[in-house]
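S.K.: Got a predicted structure plus its sequence, pasted below:
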Amino acid sequence: MTLLAVEGAQRRFAGREVVAGVSLAIAKGETVALMGPSGCGKTSLLQMIGLLDRPDGGTIQLGTLDAWAQSQAIRAELRLTSIGFVFQHSNLIPYLSARDNVALPAWRAGGARAPALARADELLERVGVGGRRDGRASELSIGEAQRVAVARALINRPRLVLADEPTGSLDAESTEAVLALLLANDGPAVLVVTHDPEVAARAGRTLHMRDGKLTS
């Protein structure tokens, strides 16, 4: 069953085509790695799929929905409940605790504080930072913050996780904990941008991008 279908996605900046007619499909529960040199359009593609940046052309279908044809409110709901995004630099709210950063999307989706905090505690333990749950995000190391960001992306049990270099700032032990959680057999579909061939080897399939186009 196809979960994500991208057809002819295009994005231009300052007259330059950064994403040049990319098409791809990801099945429910599938893990796909996206590799390519810096500046080839990987992050721009991820942001369009994640409904953060509107394409200049093409379509992005999530399940049965043409996502960019929906209202702003529906897109916001999809981002909250169906898509988890791990940014390259964590993007945590600095004055909130690690626990609150992870729980916040679940509060918004479900409106109940206690279940959101319990789920956040579980995920923080699984990525190895349970002991730092009460520390402010601004006090976390780069590696700790990235693990918190992975937990936040998973809090609402999304159908699709988009991860932009999620292990780039992690040591080997932390990388293993994050990948085990992201790439669980019963987990969401995952599209992970990475430069690390060992991370790509853990995915079920690897795509390569160059000059705004998929080459494989």
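M.R.: Noted; the coordinates are in hand.
S.K.: buried stuff in the helix or strand of the chain with the lowest mean pLDDT?
M.R.: The weakest-scoring helix or strand in the chain, judged by mean pLDDT, DSSP states H and E, is helix 172-182 (a mean of 84). With burial defined by 16 or more other CB atoms under 10 Å, the residues of helix 172-182 counted as buried are 174-175, 177-179, 181-182. Any C-beta I mention is one placed from the backbone N, CA and C, and that applies to glycine too.
S.K.: Quick check: the two most widely separated of these?
M.R.: Ser174 and Leu182 (12.3 Å; CB to CB).
S.K.: Check the buried residues of helix 172-182 against Ala112 and report the nearest one.
M.R.: Using CB to CB, Leu181 comes nearest to Ala112 of the buried residues of helix 172-182, at 23.2 Å.
S.K.: which other helices and strands contact the least confident helix or strand of the chain?
M.R.: Judged by 3 or more CB pairs under 8 Å, 6 or more residues apart in numbering; DSSP states H and E, helix 172-182 is in contact with helix 113-126, helix 142-154, helix 197-202.
S.K.: Mean pLDDT added to those, as JSON lines?
M.R.: Shown next, in JSON lines, are those (pLDDT from 0 to 100):
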{"stretch": "helix 113-126", "mean pLDDT": "93"}
{"stretch": "helix 142-154", "mean pLDDT": "91"}
{"stretch": "helix 197-202", "mean pLDDT": "90"}
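S.K.: so can I have a markdown table of the ones you listed showing mean neighbour count and distance to Ala106?
M.R.: Shown next, in a markdown table, are the helices and strands packed on helix 172-182 (neighbours: other CB atoms under 10 Å; distance: least, CB to CB, whole Å):
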| stretch | mean neighbour count | distance to Ala106 |
| --- | --- | --- |
| helix 113-126 | 17 | 4 |
| helix 142-154 | 24 | 9 |
| helix 197-202 | 15 | 27 |
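S.K.: Which one of the ones you listed lies nearest to Arg99?
M.R.: With CB to CB as the yardstick, what comes closest out of those is helix 113-126 (5.2 Å).
S.K.: Let me see the domain layout of the protein.
M.R.: Following automatic domain parsing, one finds the domains of the chain at 2-82+158-214, 89-144.
S.K.: so which of the ones you listed gets nearest Ala151?
M.R.: domain 89-144 (3.8 Å).
S.K.: how long is that closest one from one end to the other?
M.R.: Taking CA to CA, to the nearest Å as the measure, domain 89-144 stretches 11 Å from start to finish.
S.K.: Tell me where the model's unsure across the chain.
M.R.: The model of the chain has pLDDT under 70 over residues 185.
S.K.: Go ahead and confirm Asp134 touches Arg99.
M.R.: Yes: using CB atoms under 8 Å, Asp134 makes contact with Arg99 at a distance of 6.4 Å.
S.K.: more neighbours, these two?
M.R.: A direct count of neighbours by other CB atoms under 10 Å for Asp134 and Arg99 places Arg99 higher, at 22 against 10.
S.K.: Which of the three states applies to that one?
M.R.: Classification of Arg99 by DSSP: H, G, I helix; E, B strand; the rest coil places it in helix.
S.K.: Surely it is in contact with Arg132?
M.R.: No: with contact taken as CB under 8 Å, Arg99 and Arg132 are classed as non-touching, separated by 9.1 Å.
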